[in-house]
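> Pasting a predicted model and its sequence here:
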Amino acid sequence: MKKHNTHKIDLLLKYTLLVAGQEDWGNRELGMIHLIKYLYLADLAYSEHHNGETYTGLNWKFYNFGPWSEELYQRIEPALLTIGAEKKVYPSTKYEKDCVRWSIQNDDMFEELESELSIILTGAIQSSVHKFGSDTEGLLHFVYKTAPMLQASPGETLDFTPHKSNVQESEQAQEEDTISIPLSTRQLKKRKEKLSAIKIRLKERLDKKKKQVRFIPTPPRYDDVFFEGVKYLDSLAGKPIEPLEGTLIIADSVWKSKARFDPDVPG
């Protein structure tokens, strides 16, 4: 088992929450699931430039909601309390029983911790937090398609060793979700503000045009012709499917199926 580095883990946890503090209000609060997944993505980015070696040294495993580390989970609260992060508890969600959210906004501390990390780590965290924020479902969907997850079964330790076939599959699977690193959080915020201003101007123009067009809705006609047409269309579908009851059994071997990570195998 790899030896994890507590200082590095705490540093990434603090930095990740401070990065969220640079975002809009809706994305400044992060929960346990978000923090763990963002550190996983940072470790993944780091490993791609260090022959499979992760930055934290954590023992990542395939758990219920993707990559998981018990050591990391235990470090979240003590690490974030040292920087004065605010802790809030909300009603349970479908992903968490105890829905705890953390937040902090401190520009000076953000810049201080950023200077201690490599651009690989800061870029991965900034871009992923900016892309997903507190969007749990979107973040989990993205993480599930990363190479280490695609080659593992539930309960297994994740392998970060770069494999050509896995990298290709991961890139194809995430083509629409690709995280870009070139812009800083502040640059992204400025660009977002400009786009918002453009959207507002376009909406104003559209609303103005809508006011100039008089629309008179026509109520639908539910007459004999309508019902005969619906009946005919239903007949084209054939006999209705009869409900069945049974038990679906999926073999454990599906987790090692080439269809999960080999791009040449049809899905």
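Right, received. Where do you want to start?

> low-confidence ranges in the stretch 1-150 of the chain?
1-2, 93-98 (pLDDT under 70).

> let's see it at 80
Scanning the stretch 1-150 of the chain for pLDDT under 80 picks out the ranges 1-3, 65, 91-98.

> the helices in it, which residues?
Listed in chain order, the helices of the stretch 1-150 of the chain (DSSP state H, counting those that start in this stretch) span residues 6-20, 32-47, 70-81, 107-114, 119-132, 136-144, 147-150.

> Next, the buried residues of the fifth one.
Using 16 or more other C-beta atoms under 10 Å as the test for burial, helix 119-132 gives 120-132. (Glycine included, C-beta is placed from N, CA and C.)

> coming back round to it: distance to Tyr232 added to the helices of the stretch 1-150 of the chain, as JSON lines?
Putting the helices of the stretch 1-150 of the chain into JSON lines (distance: least, C-beta to C-beta, whole Å) gives the following:
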{"stretch": "helix 6-20", "distance to Tyr232": "56"}
{"stretch": "helix 32-47", "distance to Tyr232": "50"}
{"stretch": "helix 70-81", "distance to Tyr232": "59"}
{"stretch": "helix 107-114", "distance to Tyr232": "65"}
{"stretch": "helix 119-132", "distance to Tyr232": "47"}
{"stretch": "helix 136-144", "distance to Tyr232": "40"}
{"stretch": "helix 147-150", "distance to Tyr232": "47"}
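
> right, and the ones you listed - which one's nearest Trp60?
helix 32-47 (6.4 Å; C-beta to C-beta).

> So which elements touch that closest one?
Packing partners of helix 32-47 (3 or more C-beta pairs under 8 Å, 6 or more residues apart in numbering; DSSP states H and E): helix 6-20, strand 66-68, helix 70-81, helix 119-132, helix 136-144.

> switch the cut-off to 10 Å
helix 6-20, strand 30-31, strand 66-68, helix 70-81, strand 99-103, helix 119-132, helix 136-144, helix 147-150 (3 or more C-beta pairs under 10 Å, 6 or more residues apart in numbering; DSSP states H and E).

> Could you quantify the relative orientation of the longest one and strand 99-103 as an angle?
Meaning helix 6-20. 80 degrees (axes from the mean of the first three to the mean of the last three C-alpha atoms, to 10 degrees).

> Quick check: which helices or strands does helix 6-20 pack against?
Using 3+ C-beta pairs under 10 Å, 6+ apart: helix 6-20 touches strand 30-31, helix 32-47, helix 70-81, strand 99-103, helix 107-114, helix 119-132, helix 185-212.

> For Lys258, grab phi and psi.
phi -60, psi -20 (degrees, to the nearest 10).

> how many neighbours does Ile200 have?
The tally of other residues near Ile200 (other C-beta atoms under 10 Å) stands at 10.
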